[in-house]
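Undergrad: Structural data only, the sequence is not supplied:
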């Protein structure tokens, strides 16, 4: 899914400008790291792409969708085409890993059996097949994040938005999650990942978009976490 | 159909997951609709007492000497608001007078020829119709004079109107109070599943799909609560009626199998409709709020 943001500004009230005049183009199947200090606008950008926020100015086109002009039914349709991974996982505590994934499939109309089969498949993809009957409280942070990723990719999204998916994880688990995300991207899914994880960005080199004070200050192919003049 | 089976499973999950909230809501609905039912019975009995008194109101029309008693009785019977007409011939009037005089009935022989005129005893359906009917009767050429308790009829008519407004107000108030309690209880249930709703909306579930389990939950609470309220109220009212009949037999309360059926139908029908409406509004408002991009 291709993304085109042009002149996007997002303000909260009169004083806070979270994004300012952002121009960003992401071709289909690309992998983009969003880096920058806390408060630089990474999450705001992802929430605009997820259509939780509307830009105050500018235009956002994702595939065939103009996010400023989506009606309520179209929002549902759009969200079925994308997936979102959160830093705090947002799993439902009273459902097993399998049910957490199956529930989103049922929510978009899949029959129960089909949803459970597909949930099993995607949990297998993220290495959680053996832990599928456990509840979130019985899983480690890394395992919960894997389930959260499985939930996000269960619908075969064309775009995957990840907000600090490794934020609460140790380096080894973060590396494993990264492998999962890379394999999803390799299958053609456009992936945008906001992160503070310097190690991952440097180890798995992809396009880096750096934000500061709501503005894009760097857009570098196969970049590092910090600006590298040699590239 | 798939959405519906998912919603049913989800509703059962909601009920089982929070037995405390479910139990409390059931009790709330029961209590609220118990009071709605009490208001209904109070209104019904007030109307009943007034209509019994109204039924006793009679307009007595005295006829001209050569008037056709039976013919006029048939004519008056067809008038609107007339519940019944009893023609009384001069002979019957004399017999009635004798009966009323009891031991002194022999005194009527002093009258010589029967001086009593034929008359019509007209019963009306409600107090407010009395003066109108009296006016119509007096305007008839066959009628010589009309006698009725004008002031009593007026007071009764005013009381009847007041009772109607009071009953309506009581029912509307009880219904609104019930709706408010239901609405807020369902909002609490929705709030306890805020995250789940958010996740569902984020993955693209249609608003109707998200709302359905809550609407079913509202219907479930409405149905079970009002069923229990009908049973409790029916039992208590029956006991009350029996006890009143034993101790104060002159007080006639409304009591028939149809009444209990009507009471149950009103409570269950009203409760289910109200709970459906309240849960739909509560969940729809929440979803609209959650889906509105800021």
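TA: All right, it came through fine. Worth saying up front: this structure is predicted, and the values here are computed from it rather than measured.
Undergrad: Tell me the helix or strand right after the lengthiest helix in chain A.
TA: In chain A, assigned by DSSP state H, the helix with the most residues is helix A:171-186. Proceeding N to C from helix A:171-186, the next assigned helix or strand is strand A:190-194, under DSSP states H and E.
Undergrad: ok, and what's touching that next one?
TA: Applying Cβ atoms under 8 Å, 6 or more residues apart in numbering or on different chains, the external contacts of strand A:190-194 come out as A:1-3, A:26-35, A:42-43, A:45-46, A:49, A:158-165, A:181, A:184-185. From N, CA and C alone the C-beta is placed, and that goes for glycine too.
Undergrad: Give me the angle between it and helix A:171-186.
TA: Going by axes from the mean of the first three to the mean of the last three Cα atoms, to 10 degrees, strand A:190-194 is angled at 150 degrees with respect to helix A:171-186.
Undergrad: Next, report how far the helix or strand following strand A:190-194 is displaced from the centre of its chain.
TA: For strand A:190-194, the following helix or strand on the C-terminal side (DSSP H and E) is helix A:198-203. Chain-centre distance of helix A:198-203: 17 Å, with Cα atoms, centre = their mean, to the nearest Å.
Undergrad: list the helices and strands helix A:198-203 packs on?
TA: Applying 3 or more Cβ pairs under 8 Å, 6 or more residues apart in numbering or on different chains; DSSP states H and E, one finds that helix A:198-203 makes contact with helix A:171-186.
Undergrad: which ones among the contacts of strand A:190-194 come in contact with chain B?
TA: Here nothing survives when these are matched to chain B using Cβ under 8 Å from any Cβ of the partner chain.
Undergrad: Show me the helices in chain B, by range?
TA: B:2-17, B:19-55, B:69-77, B:90-101, B:130-138, B:150-192, B:194-202, B:207-247, B:257-291.
Undergrad: mind checking the SS state of the residue positioned nearest the centre of chain A?
TA: Closest residue to the average C-alpha location of chain A: residue A:161 at 1.7 Å, with Cα atoms, centre = their mean. Counting by DSSP: H, G, I helix; E, B strand; the rest coil, the backbone at residue A:161 sits in strand.
Undergrad: about what we covered before: does anything pack onto the longest helix of chain A? Which helices or strands?
TA: helix A:141-153, strand A:159-163, strand A:190-194, helix A:198-203.
Undergrad: Buried residues in the last one, which are they?
TA: When you say that, I think you mean helix A:198-203. A:200-201 (16 or more other Cβ atoms under 10 Å in any protein chain shown).
Undergrad: what about that helix, average pLDDT?
TA: In this model, helix A:198-203 carries a mean pLDDT of 91.
Undergrad: give the contact list for the nearest residue to residue B:129 once chain neighbours are set aside.
TA: Of all residues not flanking residue B:129 in the chain, residue B:81 sits nearest, at 3.7 Å (Cβ to Cβ, 6 or more residues apart in numbering or on different chains). Residues near residue B:81 by Cβ under 8 Å, 6+ apart: B:124-126, B:129, B:132-133.
Undergrad: who in chain B is up against chain A?
TA: So chain B meets chain A at B:2-3, B:5-6, B:13, B:17, B:195-196, B:198-207, B:209-210, B:291, B:293-294 (Cβ under 8 Å from any Cβ).
Undergrad: which of the residues you listed are buried?
TA: Buried among the residues of chain B next to chain A (16+ other Cβ under 10 Å): B:3, B:6, B:196, B:199-207, B:209-210, B:291.
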